[in-house]
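Undergrad: Take a look and give me a structure for this.
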Amino acid sequence: MTAKAPYILAPTADDSSSERPATLIFLHGYGDDAEGLPLGLAQQFQFYKRMPYLKWILPNADHNHEAMARAWYIPKSLPNVMKPPIPGHEEDDEASPDDEPGILKSADIIDELVEQELKSGTPAERILVGGFSQGCAVSLVWSLVGRFRHDVGGLVCLSGYLPLKDRIKALQQDRPAASPEGIDKRKWFYVHGTKDMLIPKRLYLQGKEELSRLVGQERIEEHLYEGMGHSMNAAELRDMLGFFERVIPA
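TA: Reported below is the predicted structural model:
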């Protein structure tokens, strides 16, 4: 089974909004597809007439035969959060390597979509990239090593972690950006739930610390939602809307 074409939701606003177009490219999580959580999120915004000028591009991952699911990359074994950590052995669960080829292949898909939006006339600062869970992980890596990483306004990163964190500097050398770093004004919205049973809070905190080191803490809006699992809640949606309104205002 190959990847399905991206699911695209056009803006719902009238023609007057076309003078200030905006686009969000949002990646689904492991085992999901564009018509799962991403479409539900987009429809919720449109139903309540929030960000009516926003175009939603929801790509689909390939069906990965090794993972036996739609996946942006082959996930490594994450810590079992149902078991208490053994002091001195916290890193054992993370010893398996990240699927670097799979992650970078997925990051290249984001580059293709961003390039298409730039060519269509959408201003770079009004393009957002993001995702949920595994889609969040790919988006975080892309924001640091993608070819068009400096050509967007922000990142929307939900319930994920930063893979390849020890490879970022080398990958940045191997994968030069299309535009100079000096034009980069991006903001990150990076959030997580305290009761996430799939991606432990400590992986989120590690990712946030590394991201802060690489791009600066002042660029990151971070939230930990008390009691939220590997899902979304009303507080997260409220904060996401606020981020949208600041980064891609009407």
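Undergrad: Helices along this protein, start to end?
TA: 37-47, 100-120, 134-145, 168-174, 201-215, 234-247 (DSSP state H).
Undergrad: would JSON lines of these with mean pLDDT, mean neighbour count and distance to Val152 be doable?
TA: C-betas here are computed from N, CA, C, even on glycine. Shown next, in JSON lines, are the helices of the chain (pLDDT from 0 to 100; neighbours: other CB atoms under 10 Å; distance: least, CB to CB, whole Å):
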{"stretch": "helix 37-47", "mean pLDDT": "97", "mean neighbour count": "17", "distance to Val152": "17"}
{"stretch": "helix 100-120", "mean pLDDT": "97", "mean neighbour count": "18", "distance to Val152": "6"}
{"stretch": "helix 134-145", "mean pLDDT": "98", "mean neighbour count": "28", "distance to Val152": "8"}
{"stretch": "helix 168-174", "mean pLDDT": "96", "mean neighbour count": "13", "distance to Val152": "16"}
{"stretch": "helix 201-215", "mean pLDDT": "97", "mean neighbour count": "17", "distance to Val152": "13"}
{"stretch": "helix 234-247", "mean pLDDT": "98", "mean neighbour count": "16", "distance to Val152": "10"}
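Undergrad: closest one to Leu27 among those?
TA: helix 134-145 (2.9 Å; CB to CB).
Undergrad: okay, the angle between that closest one and helix 100-120?
TA: 70 degrees (axes from the mean of the first three to the mean of the last three CA atoms, to 10 degrees).
Undergrad: Distance from helix 134-145 to the middle of the chain?
TA: The chain centroid and the centroid of helix 134-145 are separated by 6 Å, computed with CA atoms, centre = their mean, to the nearest Å.
Undergrad: quick one on the thing from earlier: reformat the helices of the chain as JSON lines; add distance to Pro21.
TA: What follows is those, written out as JSON lines (distance: least, CB to CB, whole Å):
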{"stretch": "helix 37-47", "distance to Pro21": "16"}
{"stretch": "helix 100-120", "distance to Pro21": "8"}
{"stretch": "helix 134-145", "distance to Pro21": "21"}
{"stretch": "helix 168-174", "distance to Pro21": "29"}
{"stretch": "helix 201-215", "distance to Pro21": "26"}
{"stretch": "helix 234-247", "distance to Pro21": "14"}
